[in-house]
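Visitor: sequence and computational prediction follow.
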Amino acid sequence: MLLNIFFDNMNSSLELILIGIVLFAVYWFIMRKYNSLGLRLFILCIFLFIGSCVWLYKDEAVLKNTLANGEQHIANIISKATVGKNDHQVEVSFTANDGSPVTSKSTQYISQEEWNAFTAGSALPVIYLSSSGKTYVQQSLQRFRADKIYLYYFSAFWLLLGVGLLIWLRKYKVGVDDEGNEWVVKEDGSIILDERKSAFAQMSKRANIVSKLAQSFGK
């Protein structure tokens with residue numbers, strides 16, 4: 001309940017501010033004090049894990065609201081089309097619960113196989129959300145909810161990967177000089193992945209500086 005209130009009242013600007021605060025806090029309290037390569041990669045994977053979880057939570061909240069408050073109708077298929085690169089669109093018409101006629105286009109959650117089976121003039125069960133005016137193909141929505149388990153696996157992958165990297169590389173240390181060049185120090189003291197000796201890394205940094213200067217003068 002509290003999470004719903006929190007996310008429902010958050011706009012994109014507030015999200016960017018909170019992300020900035022968290023990143024600064026991680027840098028100030030962790031990255032400055034600990035130079036373990038495993039810890040750094042763990043933090044990166046944790047951010048990806050948290051980002052995946054937040055996206056899944058917000059998407060699940062939208063799905064639950066749609067199923068709880070949506071109107072179920074048997075619509076008539078007017079036409080179907082492919083929009084953009086991979087979006088499968090179907091246009092339907094039906095009568096809403098308040099008696100008003102509705103003509104709506106839907107692309108969300110529709111798979112290629114489902115879209116191929118659509119035929120103009122045939123009936124199609126849909127869910128209509130009057131508050132937003134959006135229409136969803138019922139079978140596509142239900143199929144997507146069942147398939148979301150793979151997205152949870154994807155999210156858990158980042159957590160497991162982060163833990164594995166933390167354990168495996170926890171004794172590897174990251175060094176940095178005043179110019180921002182970094183290198184990795186193994187347990188025996190030998191240095192690997194040394195940017196100071198990498199021509200590609202140095203060229204990339206110079207190219208990045210030139211690009212930023214060009215952008216600055218171009219404004």
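Guide: Looks like it came in fine. Numbering: from 1, shown residues only.
Visitor: in this protein, where is pLDDT below threshold?
Guide: Scanning the chain for pLDDT under 70 picks out 1-12, 15, 179-180, 198-219.
Visitor: tell me where it has strands.
Guide: In order along the chain, the chain carries the following strands (DSSP state E): 71-83, 87-95, 101-106, 123-129, 134-137, 173-176, 182-185, 191-192.
Visitor: identify all contacting residues around the last one.
Guide: With Cβ atoms under 8 Å, 6 or more residues apart in numbering as the contact definition, strand 191-192 has outside contacts at G175, W183, V184, V185, K186. The C-beta positions use only the backbone N, C-alpha and C, and glycine is treated the same way.
Visitor: pull out the buried residues from the residues you listed.
Guide: W183, V184, V185 (16 or more other Cβ atoms under 10 Å).
Visitor: make JSON lines from the residues you listed and add distance to A61 to it.
Guide: Putting the buried ones among the contacts of strand 191-192 into JSON lines (distance: Cβ to Cβ, whole Å) gives the following:
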{"residue": "W183", "distance to A61": "45"}
{"residue": "V184", "distance to A61": "41"}
{"residue": "V185", "distance to A61": "45"}
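Visitor: just give me the neighbour total for T82.
Guide: The number of residues packed near T82 is 12, by other Cβ atoms under 10 Å.
Visitor: pretty sure it contacts V90?
Guide: No: using Cβ atoms under 8 Å, T82 makes no contact with V90, being 10.6 Å away.
Visitor: could you list the buried residues of stretch 32-40?
Guide: Neighbour-count burial for stretch 32-40, with 16+ other Cβ under 10 Å as criterion, is recorded at N35, S36, L37, G38, L39, R40.
Visitor: list the buried residues in stretch 73-80.
Guide: Judged by neighbour count (16+ other Cβ under 10 Å), stretch 73-80 contains these buried residues: H73, A75, I77, K80.
Visitor: out of the residues you listed, who's nearest E114?
Guide: Of all those, the one sitting nearest E114 is K80; the distance, using Cβ to Cβ, is 10.3 Å.
Visitor: thought that closest one was touching K105?
Guide: No: the pair K80 / K105 is not scored as a contact, 9.6 Å apart, by Cβ under 8 Å.
Visitor: any common contacting residues for those two?
Guide: For the pair K80 and K105, residues contacting each of them under the criterion Cβ under 8 Å, 6+ apart are Q89, V90, E91.
Visitor: which one of the residues you listed is nearest A146?
Guide: Relative to A146, the closest of the shared contacts of K80 and K105 is V90; by Cβ to Cβ it sits at 20.0 Å.
Visitor: that closest one: what's it in contact with?
Guide: With contacts defined as Cβ under 8 Å, 6+ apart, V90 is in contact with I77, S79, K80, K105, S106, T107, I110, W115, F118, L124, V137.
Visitor: and the gap between the fifth one and S79?
Guide: With distances defined as Cβ to Cβ, to the nearest Å, the gap from S106 to S79 amounts to 12 Å.
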